[in-house]
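Engineer: Coordinates for the following, if possible.
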Amino acid sequence: MKLSKLNRDVHRWGSMLVIVPFAIVLGTGVLLLLKKEFDWIQPPTKRGSGRELSLSFDEILAAARDVPEAEVDDWDDVDRLDVRPSRGMLKVRCRNGWEVQLDSASGAVLQVAYRRSDVIESLHDGSFFHDAVKLWVFLPSAVVLAVLLVTGIYLFVLPYLAKWKRRRRGLGR
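Structural biologist: I've put the predicted structure just below:
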């Protein structure tokens with residue numbers, strides 16, 4: 001089998017193997033690039049009044065409990081806290097996908113919004129489906145995509161290489 005035929009076959013069948021994971025990664029990658037541009041993807045960060053965190057953990061939890069959408073009863077319902085001293089606020093990111101932004105000085109709720117960027121990111125890396133999918137579908141797809149890159153470059157350069165060889169043979173006579 002000639003190398004050019006093997007490359008075409010690898011390129012053709014490899015692209016069929018990775019088309020679905022690649023489409024997911026491409027689509028979600030575009031959304032993640034635009035997450036700061038669209039409030040629907042990720043809520044904008046508001047500004048608070050202070051420059052230091054003057055709230056205790058108990059006060060933060062109490063403020064989050066007062067927001068019905070957050071569905072916070074205790075710290076197990078909180079995914080993470082994101083403190084932004086320069087903006088005078090902190091984000092309480094809840095396990096159910098909601099984000100509560102609080103003024104770091106007063107504890108007042110600045111904004112409550114659903115945060116889709118985390119779901120989009122988990123789709124992007126394959127962990128949304130299952131960790132096994134991440135390792136056994138998305139990772140091999142990335143390797144196949146790297147092979148497609150190499151075979152694609154070869155297939156692109158091949159006609160130019162053949163033309164160059166023909167010219168060289170013609171000039172050498």
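Engineer: so where's this structure uncertain?
Structural biologist: Where the chain drops to pLDDT under 70, the residues are 1, 171-173.
Engineer: what does the domain assignment say about it?
Structural biologist: 1-39+117-163, 43-115 (automatic domain parsing).
Engineer: Reformat the ones you listed as CSV; add mean neighbour count and distance to residue 170.
Structural biologist: (C-beta placed from N, C-alpha, C; glycine too.) Shown next, in CSV, are the domains of the chain (neighbours: other Cβ atoms under 10 Å; distance: least, Cβ to Cβ, whole Å):
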stretch, mean neighbour count, distance to residue 170
domain 1-39+117-163, 14, 11
domain 43-115, 16, 64
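Engineer: For residue 168, see how far away the most centrally placed residue in the chain is.
Structural biologist: Nearest residue to the geometric centre of the chain (Cα atoms, centre = their mean): residue 121, 3.6 Å. The spacing between residue 121 and residue 168, counted by Cβ to Cβ, to the nearest Å, is 51 Å.
Engineer: Give me the helices and strands touching the host helix or strand of residue 120, please.
Structural biologist: In the assignment (DSSP states H and E), residue 120 maps to helix 117-125. In terms of contacts (3 or more Cβ pairs under 8 Å, 6 or more residues apart in numbering; DSSP states H and E), helix 117-125 is packed against helix 3-33.
Engineer: Any chance you could list what contacts the next helix or strand after the helix it packs on?
Structural biologist: Counting by DSSP H and E, the element after helix 3-33 in chain order, helix or strand, is helix 57-65. Contact partners of helix 57-65, identified using Cβ atoms under 8 Å, 6 or more residues apart in numbering, comprise 55, 70, 72-75, 78, 81, 90, 92, 94, 100, 102, 107, 109.
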